[in-house]
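Engineer: structure of the sequence below:
(one chain, ligands or ions: 1)
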Amino acid sequence: MDRNSPLREIKGVGAKTEELFHKIGVYTVGDILLHYPRTYIQYPQAKHVDEVLDGEQAAVLGRITRTPVVRKVRTMQITVTTISEMGASLELVWYRMPYMKNNLKVGSTYIFYGKVNKKNGRLVMEQAAMFTEEQYASMEQVFLPVYTLTNGLSNNLVTKTVRAALGDEHLFMDYLPHAIREKYGLCEYNYAIRQIHFPEDMETLITARRRLVFDEFFLFILSMQYQKEKHVKEKNEFVFAEDDFTDELIERLPYELTNAQKKALADVKRDMRSETVMQRLIQGDVGSGKTIVAFLAMADTAHNGYQSAIMAPTEVLARQHYESYQSMCEQFGLHIPIVLLTGSMTAKQKRRAYEALEVYSNAMIIGTHALIQEKAIYQNLALVITDEQHRFGVRQRETFAGKGTEPHVLVMSATPIPRTLAIIIYGDLDISVIDEVPAKRLPIKNCVVDQRYRPKAYAFIEHEIREGHQAYVICPLVEESENMEAENVTDYAKRLREELPEDIVIGVLHGQMKAEQKNKIMDQFVKNEIQVLVSTTVVEVGVNVPNATVMMIENAERFGLAQLHQLRGRVGRGDVQSYCIMVNASDSKNSMKRLDILNKSNDGFKIASEDLKLRGPGDFFGIRQSGEMQFLLADIYQDASVLQQASEEVQDLLATDPELCEEENINLQHYLEIFFEDQKSRLNL
Ligand SMILES: Nc1ncnc2c1ncn2[C@@H]1O[C@H](COP(=O)(O)OP(=O)(O)OP(=O)(O)O)[C@@H](O)[C@H]1O
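Structural biologist: Okay, the predicted model is just below:
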């Protein structure tokens, strides 16, 4: 077994389990090792029945006083029993687990662990884990991993699979040169990976995390730079005319470009006319208007007789770009061929797209990952625009580049990173920042509310719809889950149907829908045939429907601040007032404080830095930063100093051993190859 082996080589993993793991993006032995726990739980000291409080996650010691029964409610079997002590009692309920009945012996004492809720005046614990007193004694104080799951894949099963994988010693060769480990007091890889899954205590967990965070940054920076030609910018083989073409287009835009947009475009145009090929990042907060800059750069390229391509992270976004490019070309009276190429297109449609790539040597090409598949053969490809999400696929650029003469590269990002960090992370790119929003934009009005506010929120949504606007409602889940108590789009949309007048059309959107279905729903929303879109976070990245003025986020406490900021960025994209309603279902003070940061600011940079202050170093059980810049454990803000160290070490290493062929670096070189392979397979290259 090696890190690239399929999961089924792990003992106990059959075809069915493997399929479930695929659903959460875990395909190989290496993937499961990197499927780090989302958080950890520590079993609390067991309480007596009379001490239990409503709403708490508790371990309760009690004697079974009622013969367990299994009831049937429609198709669901429900097992019920009661534990009592000193006149107090607690009802225990298990859904779809009829076999529990055989484990429960009247008169015996057990410890039950789970969430306690008051229902019809009685305290009830649902889906409790059950232990003998002896078993529980050995569990107390241990950190238990809590993994990201999917329906059918239990935490137990993931835990067991991870344990089995950890059993194979030779998966854990330490690739980090000894001297670096020594210098920063980093623990061994073997130890780190075991402790991150099953930490002995807080201290070992922190030690393990420190090592793995260092690794993530180190490998990321190294993989970017460990390319021999890296420091030599390729010669620019394309000829771009000095003319007023883009200025004329800008004149005809229905709005004035911001100075920051003008400056970014000028940077791009200058680069494309310079001696070497462009490698540039455009960084700009959500809604700052990066798309028009991309469009103008592509139009400039077409005008000079070359092809250009923009790769979007999702199918929905690719289509959205395609449509907006078409309408812009129409508006400008430009006759530039526009080609769409995405994974969900039929074989026939794809074939037509490939043909178009061959025929139109100045086409603007828009697509998803399908753009870098073998069959896509370009002519004259002079400009490639990617989203920052793709930066982790280091070889992708090579793949694109391999499709013709080395093209100009433009990367777009909405992640607010301070310049010093950006220089490290995007070491090989020049940076343009769009730090201004269009002049007429009104700042979004925010509020954080609890669930009791819903009727008012619905009335408000109705009011906005009557004004001709639209709304998003975001829920964390697709459907009801046994593992998480949070709103799901399927049930929510049904409930919302009861709340809103019939003439208001409600649509549902989530990641498990087929691409075709998703496109259809998005299309209807764009055309205002759907007024309320109940969706998961699939709308998070880049969706642009300026007519939508309300963003209501259920279980806002469950999202990272960066993600909430991205979601909120879906409104406030036009000139009318927009609103963001964050529904906080938690009564924890910490969630309130976090959400308050968003409530008070609409500025991505400010949010990131406030969030960091609030979390403080070492606080890594909280919700991790999510958004585009996704590391597994590392957090570019919180771990900024480690990022700096890793960057310095990479520079030193490559200065002394650029090929990584000295003995102490051989393991590293080997691991880097695996890392590349892994990236490649993840991206289906
Ligand atoms: N200078 C401007 N003045 C007015 N509106 C603008 C200007 N620039 C862009 N817009 C409009 O603002 C909206 C958001 O722009 P765009 O989609 O480019 O944002 P973005 O930077 O890509 O954001 P995100 O990161 O959220 O995708 C669009 O509807 C666009 O037409």
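Engineer: how much space between Asp503 and Val534?
Structural biologist: 17 Å (Cβ to Cβ, to the nearest Å). No exception for glycine: its C-beta is placed from N, CA and C like everyone else's.
Engineer: ok, these two, which is more surrounded?
Structural biologist: In this view Asp503 and Val534 are compared by other Cβ atoms under 10 Å, and Val534 has more residues nearby, 28 against 7.
Engineer: tell me which parts of the stretch 501-650 of the chain are close to the ligand?
Structural biologist: 542, 544, 546, 569, 573 (Cβ under 6 Å from any ligand atom).
Engineer: got TSV for those, with secondary structure, neighbour count and pLDDT too?
Structural biologist: Compiled in TSV, these are given as follows (DSSP: H, G, I helix; E, B strand; the rest coil; neighbours: other Cβ atoms under 10 Å; pLDDT from 0 to 100):
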residue	secondary structure	neighbour count	pLDDT
Gly542	coil	24	71
Asn544	coil	16	87
Pro546	coil	16	91
Gly569	coil	24	91
Arg573	coil	22	89
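Engineer: what's the most distant pair in those residues?
Structural biologist: Maximum pairwise distance among these (Cβ to Cβ): 13.0 Å, between Gly542 and Pro546.
Engineer: pull the number of nearby residues for Pro501.
Structural biologist: Using other Cβ under 10 Å, Pro501 has 8 other residues around it.
Engineer: what residue in the stretch 501-650 of the chain comes nearest to the ligand?
Structural biologist: Of all residues in the stretch 501-650 of the chain, Gly542 sits closest to the ligand, at 3.6 Å by Cβ to the nearest ligand atom.
Engineer: that residue contacts Ala312, correct?
Structural biologist: Yes. Between Gly542 and Ala312 there is a contact at 7.2 Å, judged by Cβ atoms under 8 Å.
Engineer: what do those two both touch?
Structural biologist: Residues touching both Gly542 and Ala312 (Cβ atoms under 8 Å, 6 or more residues apart in numbering): 320, 387.
Engineer: and the helices in the stretch 201-350 of the chain?
Structural biologist: 202-225, 245-251, 259-272, 290-303, 315-332, 347-359 (DSSP state H, counting those that start in this stretch).
Engineer: and the ligand, is the fourth one touching that?
Structural biologist: Yes. Under the criterion of Cβ under 6 Å from any ligand atom, helix 290-303 makes contact with the ligand via 290-292.
Engineer: most neighbours of all these, which one?
Structural biologist: Lys290 (24 neighbours).
Engineer: so what's that one up against?
Structural biologist: Lys290 is in contact with 264, 282, 284, 412, 414, 434, counting by Cβ under 8 Å, 6+ apart.
Engineer: from those, which land in strands?
Structural biologist: 282, 284, 412, 434 (DSSP state E).
Engineer: hang on, the last one packs against Leu257?
Structural biologist: No. Taking contacts as Cβ under 8 Å, Ile434 lies outside contact range of Leu257: 10.1 Å.
Engineer: between the two, which one's more packed in?
Structural biologist: Ile434 (23 against 18).
Engineer: taking the stretch 401-550 of the chain, what residue is nearest to the ligand?
Structural biologist: Counting by Cβ to the nearest ligand atom, the stretch 401-550 of the chain gets nearest the ligand through Pro438, at 3.1 Å.
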